[in-house]
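> Got a predicted model here, sequence first, then my questions.
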Amino acid sequence: MFLIGKQPVINRSGRETPPLRVSSLRVAYPGGPTLLEDVSFIVEAGEIMGILGPSGCGKSTLLRHLVGLETATSGTIELFGENLWSGQGAELNHHRRKFGIMYQGGALFGNLSLIENVALPLKEFTKLKPGAIETAARLKLALVGLSGFEYSMPDSLSGGMRKRAAIARALALEPGLLFLDEPSAGLDPVTSAGLDQLIVTLARNLSLAFVMVTHELNSIMATLDRAILLDKEKRGIVAEGTPDYLAHQSPAQEAAAFFRRGSRGGILATQKLDTN
């Protein structure tokens, strides 16, 4: 329970089941327009997938559906081969425990120390004894570089440290999939680069799958293995591929516009962070 290292889920064909498979997802609220349609993509173990696009294109809407906060009009979302919406109540909560979430602001409880924040899911969803919970929480904080800050309160820390703590809490139940909502938003370039490095390290060393909603170009080029690009007018995915492909080779005009916005002298650097 203390060390992350999930065993792969193997399907009947003998192949590893992807942590996330989205098939023909359609979102249309009653009496309103269709927001997303025919959204399909797969996230493999150890892969960092991005959900990109300009404001209003449906990134947040898609994320809410992926984490089970809203139900799609049609289509399926599979977590490690199981339909997210195949049950209700306890069964739905079982599916949700397969992933962790880091919200944009961190969403830490301000009246709890970092170790108490990380321990909270363990207290609520496991039968571990207090000593084991404390050990597990310490290990998760160490994993994100926060050893020595266990009893610090969230408001005494920098934005980057709070986001690291939020990732530690998302890892508390040792999921195989993490959703990150704008992880680099509001951070200075140095802090953002450090967080990017952490995400890549966790993905590579622990075979964790990540789904990141982001618009930060530097983080996109430094962390993502692949990405889907959403468009409001076309109500779905208009391009998919590596950041380098989307920035330089994609025939989609929306991709060129997204990656060239605000850049001086062209596309930002495409070199991945060194994880050694």
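Received the coordinates, thanks.

> From now on I want contacts and neighbour counts done on CA atoms only, so please keep to that.
OK.

> my guess is F109 contacts N117, does it?
Yes - F109 lies in contact with N117 (CA atoms under 8 Å); the separation is 6.5 Å.

> Mind checking which of these two has more residues around it?
Here F109 and N117 are set side by side on neighbour count (other CA atoms under 10 Å), and the busier one is N117, at 24 against 14.

> ok, the closest residue in space to E182 that isn't next to it in sequence - contacts?
Nearest non-adjacent residue to E182, counting by CA to CA, 6 or more residues apart in numbering: T214, 4.7 Å away. If a contact means CA atoms under 8 Å, 6 or more residues apart in numbering, then T214 has 50-52, 181-184, 220 as its contacts.

> Dump those to TSV, plus distance to E150.
Rendered in TSV, the data for the contacts of T214 read as follows (distance: CA to CA, whole Å):
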residue	distance to E150
G50	30
I51	32
L52	34
D181	24
E182	24
P183	21
S184	22
I220	30
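
> Now list the buried members of those residues.
Neighbour counting with 16 or more other CA atoms under 10 Å marks 50-52, 181-184, 220 as buried within these.

> So which of those sits lowest on pLDDT?
Lowest pLDDT among the buried ones among the contacts of T214: S184, with 89.

> what about the residue positioned nearest the centre of the chain, which helix or strand?
Among the residues of the chain, the one closest to the centroid is F179, at 2.2 Å (CA atoms, centre = their mean). Element membership for F179, per DSSP states H and E: strand 177-181.

> what's the angle between whichever helix or strand comes after that strand and strand 177-181?
Beyond strand 177-181 on the C-terminal side, the first helix or strand identified by DSSP H and E is helix 189-206. Here the directions of helix 189-206 and strand 177-181 differ by 170 degrees (axes from the mean of the first three to the mean of the last three CA atoms, to 10 degrees).

> Counting neighbours, which bits of helix 189-206 end up buried?
Across helix 189-206, burial judged by 16+ other CA under 10 Å covers 191-193, 195-204, 206.

> Against which helices or strands is that helix packed?
If you count contacts as 3 or more CA pairs under 8 Å, 6 or more residues apart in numbering; DSSP states H and E, helix 189-206 packs onto helix 159-170, helix 217-223.

> so where's this protein shaky on pLDDT?
Within the chain, the ranges that satisfy pLDDT under 70 run 1-15, 87-93, 95, 262-276.

> can you list the domain ranges for it.
Listed domain ranges for the chain are 41-70+83-98+178-270, 105-174 (source: automatic domain parsing).

> could these go into CSV alongside distance to S24?
Shown next, in CSV, are these (distance: least, CA to CA, whole Å):
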stretch, distance to S24
domain 41-70+83-98+178-270, 9
domain 105-174, 28
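
> what's the closest of the ones you listed to T76?
Among the domains of the chain, the nearest to T76 by CA to CA is domain 41-70+83-98+178-270 (6.7 Å).

> So what's the gap between the closest one and the chain middle?
7 Å (CA atoms, centre = their mean, to the nearest Å).

> can you give me phi and psi for T214?
Dihedral pair for T214: phi -160, psi 160, per degrees, to the nearest 10.

> Start the count at 2 instead of 1 going forward.
Got it, first residue is 2 now, which makes that one T215.

> Pull up the gap between the closest residue to L231 other than its chain neighbours and V201, please.
In space, L231 comes closest to I238 once its chain neighbours are excluded; the distance is 4.5 Å by CA to CA, 6+ apart. For I238, the distance to V201 equals 24 Å [CA to CA, to the nearest Å].
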